[in-house]
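Asker: I'd like to go over a predicted model; first the sequence, then the structure.
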Amino acid sequence: MNESSSHYSEEFVTLSDAEKRQLRVLYQRSNRLGILQLTAHVFLIALAIWLVRESVATLWYLPSAFLLGAILTFLFAPLHECIHRTAFRSRLLNDMVATTTGFILWLPPNYFRAFHLEHHRWTQVKNRDPELTDKILDTRWQLLLHLSGYRYWYGNIRALIHHARGRIKEPYIKPSKSPAVIVEARCFLVTYTLCLAGSVFTFNGVLILYWWIPLLLGQPLLRLYLLAEHTLCPFTTDMFRNTRTTLTGQLVRFISWNMPYHAEHHASMAIPFHALPAAHQLLQSRVKTQTPGYIAFHRQLLETLRNR
């Protein structure tokens, strides 16, 4: 452990050889299962787009746009899976879907991969885990600010502009990966600019009504979901305690590509989304931080903030 983690538990729990052998059986990736899951997700997006189209200029627009935004923002799930390259057997498919979903979410995948792998490397270690810098939750007002998505949008757009200008300050982006991050940022930024310019000069509100407003409305729901992964977990190197598995229903597991089994994902990043329920069956006795649903977690979070 580094000097910044002297107040952390020194306990480090590794998988036994038997557990590793059992988990390796689950490493098999599948183009078929990945395509089926993605197709179902896209179908829901198409259905929500139809609802938005039918409700434009009515009082039902905002509820429909929120529904579309919720499904769109949960494209974070296949993006996350693809930056691990476990959504599909094909590397090309993983990278294509990562680029597409990352573009929709304003989260370039090469940058996000570097950020996220650093998070896995230093989970819950202050000054090392980059996720901790985005989650300052000492008060309920800070919680509301976080849930608004402000830090997400400000941080991502700021990083996008810096990277497009060739400025790489993040220590977790290796010099060998910097050119790809810069080129990707420039391509994304140019395309976003063209989309915005096209909307303004043609007086066409399609992108605003079907993409940008829904994303703004849906982002708080994704923030609520993501908070449960590590918030209130102990600052320890034990992956079965510093990461939470949230026991939830099939709908949430479907839209999030089984990522509520998050401790199992941290136990082995190579396990694809469709095998995480089986991983949970193998490891559930080892997972020390589990919560029976997201409502229970947020009640616990609010109670903690109230007592501070």
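Answerer: That came through fine. Numbering: from 1, shown residues only.
Asker: any idea what sits nearest residue 22, other than its immediate chain neighbours?
Answerer: residue 282 (5.4 Å; C-beta to C-beta, 6 or more residues apart in numbering). Heads up, the C-betas are built off the backbone N, CA and C, glycines and all.
Asker: ok, that neighbour touching residue 21?
Answerer: No - contact criterion C-beta atoms under 8 Å: residue 282 and residue 21 do not qualify, at 10.6 Å.
Asker: for these two, indicate the residue with more neighbours.
Answerer: Neighbours were counted for residue 282 and for residue 21 using other C-beta atoms under 10 Å; residue 282 has more, 16 against 10.
Asker: OK, contacts around the more buried one?
Answerer: Counting by C-beta atoms under 8 Å, 6 or more residues apart in numbering, residue 282 touches 19, 22-23.
Asker: relative to residue 287, which of the residues you listed is nearest.
Answerer: Nearest to residue 287, judged by C-beta to C-beta, of these is residue 19 at 12.3 Å.
Asker: pLDDT wise, what is the closest residue to residue 63 other than its chain neighbours at?
Answerer: Leaving aside its sequence neighbours, residue 63 sits nearest to residue 55 (C-beta to C-beta, 6+ apart; 7.7 Å). For residue 55, the pLDDT comes out at 97.
Asker: thinking again about what came up before, how close does the residue nearest to residue 22 sit to residue 35?
Answerer: Applying C-beta to C-beta, to the nearest Å, the value for residue 282 to residue 35 is 26 Å.
Asker: over to residue 193?
Answerer: Counting by C-beta to C-beta - residue 193 and residue 35 are separated by 32 Å.
Asker: out of those two, which sits in the busier spot?
Answerer: residue 35 (15 against 10).
Asker: so is the more buried one in a helix, a strand, or just coil?
Answerer: Secondary structure, DSSP: H, G, I helix; E, B strand; the rest coil: residue 35 is helix.
Asker: from residue 53, how far out is it?
Answerer: Distance of residue 35 to residue 53, given as C-beta to C-beta: 26 Å.
Asker: residue 97 now?
Answerer: 25 Å.
Asker: who has more neighbours, the two?
Answerer: The residue with more neighbours, out of residue 97 and residue 53, is residue 97; 23 against 13, by other C-beta under 10 Å.
Asker: so who does that one touch?
Answerer: Residues near residue 97 by C-beta under 8 Å, 6+ apart: 38, 78-79, 82, 87-88.
Asker: now, these that are in strands?
Answerer: Among the contacts of residue 97, the subset assigned to strands under DSSP state E is empty.
Asker: many thanks, have a good one.
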